[in-house]
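In: Below are the sequence and a predicted model for it; my questions follow.
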Amino acid sequence: QVQLVESGGGLVQDGGSLRLSCAASGGTFSRYDMGWFRQAPGKERVFVARIMWRGGITSYVDSVKGRFTISRDNAKNTVYLQMNSLKPEDTAVYYCAASYSASSYYTERAYDYWGQGTQVTVSS
């Protein structure tokens, strides 16, 4: 069983930056693909970014490319999401997730474990 705890959310102005962290425990973190999803008010949870355990390959949704960076520190069992040039439309609850084999990494069903989420609010 893997436990995931997100942190780093908060209120930031349009154009600002935040770094989210997701600390994992209870499993072999280095062998998991890790993803970030977000859920805006009244909308479904959607894929944001992922990083593979093998080779650190990353993928992003088009709307965050060039602004967000996902990274991981296997020694600290932590995955990060650096978010720059934030926009009001980035406002959402952000969730991290872990998967043994995220072949369909952009879908929720590919992930086995989820954190509780952290709120990010971008004011205009």
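Out: That came in fine, so what should we check first?
In: Please give me every residue in contact with Thr91.
Out: Ala40, Pro41, Val120, Thr121, Val122 (CB atoms under 8 Å, 6 or more residues apart in numbering). No exception for glycine: its C-beta is placed from N, CA and C like everyone else's.
In: Ser21: what's it in contact with?
Out: Contacts of Ser21 by CB under 8 Å, 6+ apart are Glu6, Ser7, Gly8, Thr78, Val79, Tyr80.
In: Show me what the second one bridges to in the sheet.
Out: By that I understand Ser7. Bridge pairing for Ser7 (DSSP bridges) gives the partners Ser21.
In: Quick check: PyMOL command selecting the buried ones in the contacts of Ser21.
Out: Filtering the contacts of Ser21 down to the buried ones (16 or more other CB atoms under 10 Å) takes a single PyMOL command:
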select buried, resi 6+8+78+79+80
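In: Including pLDDT and distance to Ala92, could the contacts of Ser21 go into JSON lines?
Out: Formatted as JSON lines, the contacts of Ser21 follow (pLDDT from 0 to 100; distance: CB to CB, whole Å):
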{"residue": "Glu6", "pLDDT": "98", "distance to Ala92": "12"}
{"residue": "Ser7", "pLDDT": "98", "distance to Ala92": "16"}
{"residue": "Gly8", "pLDDT": "98", "distance to Ala92": "14"}
{"residue": "Thr78", "pLDDT": "97", "distance to Ala92": "21"}
{"residue": "Val79", "pLDDT": "97", "distance to Ala92": "17"}
{"residue": "Tyr80", "pLDDT": "98", "distance to Ala92": "17"}
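In: Let me know the closest of the contacts of Ser21 to Ser101.
Out: Val79 (16.7 Å; CB to CB).
In: Run through the neighbouring helices and strands of the strand or helix carrying the closest one.
Out: Taking DSSP states H and E as the criterion, Val79 maps to strand 78-83. Judged by 3 or more CB pairs under 8 Å, 6 or more residues apart in numbering; DSSP states H and E, the packing partners of strand 78-83 are strand 18-25, strand 33-39, strand 45-51, strand 68-73, strand 92-99.
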